[in-house]
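Trainee: Here is a sequence with its predicted model. Questions after.
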Amino acid sequence: MILSIVSRVAVNWRRSDEKMRIIGFVGYPLSGKTTATEVGREMGIPIVVMGDAVRREAEKMGIELTDENLGKLADRLRKEEGMDAIARRCIPEIREKLKEKGVVIVDGIRGLDEIRKFREVFGDDFILIGIEAPPEIRFERIKKRRRTDDVSTLEELIKRDRREEKWGLKEAMESADIIVENTGSFEDFRDKIRHLLEKFATSVDVEIETRIHPTEDEEKVINAIKNLFPDSEIKIERERVVAKARDLRKFKELLKRQKILDTARTEFVKGKRNGEITVYLNKQTATVSRINFCEEKAVLSPLRVTFKLHGVAFSRFLDYVAPETRDGKPVREVDSL
């Protein structure tokens, strides 16, 4: 499938030690932000909806949740507290949700000041995706969505567009790192968003640790790690080896070749803790490119391998690396994370 995605600027995607990924969706009303957010939710990515911050303020004040009332309240907050007032209210929630998986989607960005605030706080870990659709197409979609704050005519929608442009929406769209056109089918748009989120939001970081005993050859220990994870970046710290990797293809291939997918699946389930999976592998068998699961206190210190999931559902990780088997053959195998 060829995607209608336009990249307006180069994206510098920094991998920090915190492994944070904050993805913002920006677009005119009914352009598809909610759908894009829902795709992320289905992928297990935590969501922060900026409009919810305004709705919470309205509820505190006893204000009826209509489009007009919410718009006036948002205007007032921005006038009294600055154009980044809503963004600042969302930052604590974003930070809290980052603890879950290291990735968060922010829905409802409307102005440059909000973007500047997020980039100031999160730096290169923040990426902005703009969604484009003409007013006529957007208005047709309004009939399929039932919300108390929706508009009822095309003229009202255009009026709402102009109101949000006063907040800097037009400039925000122009500053987007990537633009996605939403003029085709519902499924086509969902596929575009899923493709982008898989590229920018989902990843599995692998951390490998082991001790080098006096009787062991340092080079052999390094080769043992490289045999399983060829892209490993390895550091020697006194008597310990610490490595980081991201490429799971060789590891997955070895599990399948050795026909130990079910065993691996069991070990992954057993080692799952808070978005991470830790397993222990025999160091000696790894020197000959074989995987053998073992206990933490195995002789000569095993390889302690931790898989850190970012925006990847545990079930999808399992189906990618170690799918269930039937009659010795994988079932429900997926091609990507």
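Mentor: Alright, I've got the coordinates. Residues are numbered from 1 along each chain as shown.

Trainee: how near is residue 238 to residue 59?
Mentor: Remark: distance between residue 238 and residue 59 (C-beta to C-beta, to the nearest Å) = 56 Å. Every C-beta, even on glycine, is put in place using the N, C-alpha and C of the backbone.

Trainee: what's the answer for residue 47, then?
Mentor: 19 Å.

Trainee: Give me the more crowded residue out of those two.
Mentor: Legend: neighbour count by other C-beta atoms under 10 Å for residue 47 and residue 59, higher for residue 47 (16 against 11).

Trainee: Return the residues in contact with the more buried one.
Mentor: 37, 40-41, 97, 104-105, 107 (C-beta atoms under 8 Å, 6 or more residues apart in numbering).

Trainee: switch to 10 Å and redo it
Mentor: 25, 37-38, 40-41, 93, 97, 104-107 (C-beta atoms under 10 Å, 6 or more residues apart in numbering).

Trainee: cool, and residue 75?
Mentor: Taking C-beta under 10 Å, 6+ apart, one finds 163, 166-167 in contact with residue 75.

Trainee: Report the secondary structure element holding it.
Mentor: Here residue 75 sits within helix 67-81, counting by DSSP states H and E.

Trainee: Where does the prediction get shaky in the stretch 101-250 of the chain?
Mentor: 143, 146-150, 201-202 (pLDDT under 70).

Trainee: the strands in it, which residues?
Mentor: Secondary structure of the stretch 101-250 of the chain by DSSP state E, counting those that start in this stretch: the strands cover 103-109, 126-132, 178-181, 203-211, 233-237, 240-245.

Trainee: So residue 127 versus residue 21, what's the distance?
Mentor: 8 Å.

Trainee: Let me fix that, I meant to ask about residue 326.
Mentor: Taking C-beta to C-beta, one finds residue 326 at 36 Å from residue 21.

Trainee: quick one, which of these two is more surrounded?
Mentor: Per other C-beta under 10 Å, whichever of residue 326 and residue 21 has more neighbours is residue 21, with 26 against 9.

Trainee: ok so, going back, just the contacts of residue 47 now: which is nearest residue 51?
Mentor: residue 107 (7.6 Å; C-beta to C-beta).

Trainee: bridging residues for the residue lying closest to residue 296 once chain neighbours are set aside?
Mentor: Excluding its sequence neighbours, the residue lying closest to residue 296 (C-beta to C-beta, 6 or more residues apart in numbering) is residue 280, at 5.2 Å. Here residue 280 sits in beta bridges with residue 304, as judged by DSSP bridges.

Trainee: and if you look at residue 132?
Mentor: Applying DSSP bridges, one finds that residue 132 bridges with residue 181.

Trainee: from what I can see it touches residue 31, true?
Mentor: Yes: using C-beta atoms under 10 Å, residue 132 makes contact with residue 31 at a distance of 6.5 Å.

Trainee: Please enumerate the shared neighbours of the two.
Mentor: 173, 180-182.

Trainee: Just name the closest of the residues you listed to residue 319, please.
Mentor: Taking C-beta to C-beta as the measure, residue 319 lies nearest residue 180 of these, at 26.8 Å.

Trainee: wait, the closest one sits on residue 173?
Mentor: No: contact status for residue 180 versus residue 173: not in contact, 11.3 Å apart, counting by C-beta under 10 Å.

Trainee: Residue 132 and residue 31: which is more packed in?
Mentor: residue 31 (26 against 17).

Trainee: In a markdown table: the contacts of residue 75, plus neighbour count and distance to residue 55.
Mentor: Converted to a markdown table, the contacts of residue 75 look like this (neighbours: other C-beta atoms under 10 Å; distance: C-beta to C-beta, whole Å):
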| residue | neighbour count | distance to residue 55 |
| --- | --- | --- |
| 163 | 17 | 17 |
| 166 | 12 | 20 |
| 167 | 21 | 17 |
